[in-house]
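**Student:** 3D, please:
(one chain, ligands or ions: 1)
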Amino acid sequence: MTALDPARTVDELRDLRARTADDGGAWRVAWTDTWLEARAWLRAKLDALGLETHADAAGNVWSTLRGRRPQALVIGGHIDSVPGGGWLDGSLNLLAGLETIRRIHDAYDGEPPVTVRLVDWADEEGARFGRSLFGSSACSGSLVPDQERGRTDRDGVKVEDALRRCGVELDRMLESGSELQSAGAYLELHIEQGPVLEDLQFPLGVVLGTFGVERHGLHFRGQAAHSGSTPMDKRRDALLAAARMSPEIYRITERHGGVCTIGSCVTRPGIVTSVVAECDLTLDQRHLDAAALATMLAEAREAAMRFAREAGVGFEISHLWSIAPIPFHPELIALAEDAVRQAAGASHRLPSGPLHDAAEVARAGVPTAMLFVQSLRGISHNRIEDTRIEHVEQSVVALDQLAERVMGWLGGR
Ligand SMILES: [Zn+2]
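**Tutor:** Next up, the predicted model:
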């Protein structure tokens, strides 16, 4: 019987890099020839294992090891990269998943207790057409094809044409949703792409879910006035209200957890000789808990109104964009912690700032868990993206441990 071989995963990741990267990084941009070559390379490995493999209507590639029950444990990743990307983002997920399925295949003589599937999501990065999670959102049903039509890449190639070249019809992409009908659980291992685990010195962590986001414009309206002739007590200074409010926004975030960013501040008339008449800010607030996020927003609005009133200026708020938090499954989170502790000795719980394919699967109602492995310097989407080899290997062990536990969990349901 073949045992799990995490060193093989590292070798395969290096081989993929050698084939699809140069000194500038990886070039596996979705819907390009290099991406198709990477997929063919992966396909050969899946075929060698005797898995059934097909592409769905959205271009996601599914490989299936049939088990005694049709209910499926799905392990996912994405082989596409950003231009000049790193060697681990997305591909670690798939190659660790492949190694896990090799181990399961041998441990159960080719027929595990439940069906096990590996999915290579199409175009997670959105690097060419600006639409992230393209394949997984089609599968979850959140993609609206009409909103994507007419997108073009830098060279003016239409998204419909680029997809068609790879065998995908935009209008039929939602048909991929049928693939999730048999899915009993979804697992994804990903590099953290941030600094938290390295700072806390945890090799691995368990992701609680993806942040909800509230994004608003804050608009203060005062009165332009001459900066020499207007006494201080006669001013209606829009910037003064915004400036006084800003530390309060940070205090609100501190009280409730989560993160916030005042990312832009524009003043008008914006000249050195005038009191500011108009001050427009953007506020981005994120939290894993929907109620806490709503409270943060309500308190921020209340604070903005209060500081506007005190400065004698008007205030308006405008909605820019929002998405609800997507929590992962509590029982799978607990199993993931057991698996991580077994593989690395200790585990840490953390939310994910970026969205991942796992969030789309979770929002389609499939119980989902996600593991993060430490990223060195917190850097990703860059050729210097890296993770210690021992941590990569531990992450393969953790995914395998988790897969085994989740097969048991599915069997007992
Ligand atoms: Zn990724």
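
**Student:** strands along the stretch 151-300 of the chain, start to end?
**Tutor:** 183-191, 204-210, 212-221, 259-268, 278-287 (DSSP state E, counting those that start in this stretch).

**Student:** show me which residues of this protein sit near the ion.
**Tutor:** 89-90 (Cβ under 5 Å from the ion). Heads up, the C-betas are built off the backbone N, CA and C, glycines and all.

**Student:** give the contact list for the nearest residue to residue 273 once chain neighbours are set aside.
**Tutor:** Once flanking residues are discounted, residue 273 sits nearest to residue 227: 4.9 Å by Cβ to Cβ, 6 or more residues apart in numbering. Taking Cβ atoms under 8 Å, 6 or more residues apart in numbering, we find residue 227 in contact with 272-275.

**Student:** and the residue of the stretch 151-300 of the chain closest to the ion?
**Tutor:** Per Cβ to the ion, residue 190 is where the stretch 151-300 of the chain lies closest to the ion, at 5.7 Å.

**Student:** bridged to that residue, which residues?
**Tutor:** residue 372 (DSSP bridges).

**Student:** so residue 31 is in contact with residue 127, correct?
**Tutor:** No - with contact defined as Cβ atoms under 8 Å, residue 31 does not count as touching residue 127 (9.6 Å).

**Student:** so what's the residue count around residue 332?
**Tutor:** Neighbours of residue 332 under the rule other Cβ atoms under 10 Å: 22.

**Student:** so where does it fall, helix or strand?
**Tutor:** For residue 332, the host element (DSSP states H and E) is helix 330-344.

**Student:** flag every buried residue along the helix or strand that that helix is followed by.
**Tutor:** As assigned by DSSP H and E, the chain's next helix or strand after helix 330-344 is strand 348-352. Judged by neighbour count using 16 or more other Cβ atoms under 10 Å, the buried positions of strand 348-352 are 348, 350-352.

**Student:** do the same with stretch 46-65
**Tutor:** 46, 49, 51, 53, 55-65.

**Student:** which of the residues you listed lies closest to the ion?
**Tutor:** The closest of the buried residues of stretch 46-65, once distances to the ion are taken by Cβ to the ion, is residue 60, at 14.5 Å.

**Student:** out of the buried residues of strand 348-352, who's nearest residue 165?
**Tutor:** Nearest to residue 165 among these: residue 352, at 32.2 Å, using Cβ to Cβ.

**Student:** partner residues bridging the closest one?
**Tutor:** Under the criterion used (DSSP bridges), residue 352 bridges to residue 210.

**Student:** and the contacts of residue 227, which are buried?
**Tutor:** If we count by 16+ other Cβ under 10 Å, the contacts of residue 227 have these buried: 274-275.

**Student:** and of the contacts of residue 227, the nearest to residue 301?
**Tutor:** Using Cβ to Cβ, the contacts of residue 227 come closest to residue 301 at residue 275, 24.6 Å.

**Student:** list the contacts of residue 405.
**Tutor:** 335, 338-339.

**Student:** ok so it is a helix residue?
**Tutor:** Yes - applying DSSP: H, G, I helix; E, B strand; the rest coil, one finds residue 405 inside a helix.

**Student:** ok, and what's touching stretch 217-225?
**Tutor:** 234-239, 241-242, 245, 268-269, 274-283, 304, 308, 311-318, 320.

**Student:** I misspoke; the intended subject was stretch 82-89.
**Tutor:** 13-14, 16-17, 21, 24-29, 81, 125, 127, 190-191, 193, 380-387, 392.

**Student:** at 6 Å what do you get?
**Tutor:** Residues outside stretch 82-89 that contact it (Cβ atoms under 6 Å, 6 or more residues apart in numbering) are 13, 17, 24-26, 29, 125, 127, 191, 380-381, 383, 385, 387.

**Student:** what would the contacts of residue 405 look like in JSON lines with neighbour count and pLDDT?
**Tutor:** Shown next, in JSON lines, are the contacts of residue 405 (neighbours: other Cβ atoms under 10 Å; pLDDT from 0 to 100):
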{"residue": "335", "neighbour count": "23", "pLDDT": "98"}
{"residue": "338", "neighbour count": "15", "pLDDT": "98"}
{"residue": "339", "neighbour count": "26", "pLDDT": "98"}
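
**Student:** any idea which of those residues is closest to the ion?
**Tutor:** For the contacts of residue 405, the nearest to the ion is residue 339 (20.4 Å; Cβ to the ion).

**Student:** any idea how far the closest one lies from residue 243?
**Tutor:** 48 Å (Cβ to Cβ, to the nearest Å).

**Student:** same deal with residue 304?
**Tutor:** 12 Å.

**Student:** ok, the two, which is more surrounded?
**Tutor:** Ranked by neighbour count (other Cβ under 10 Å), residue 304 and residue 243 place residue 304 first, with 26 against 17.

**Student:** what helix or strand is the more buried one on?
**Tutor:** Here residue 304 is assigned to helix 290-311, by DSSP H and E.
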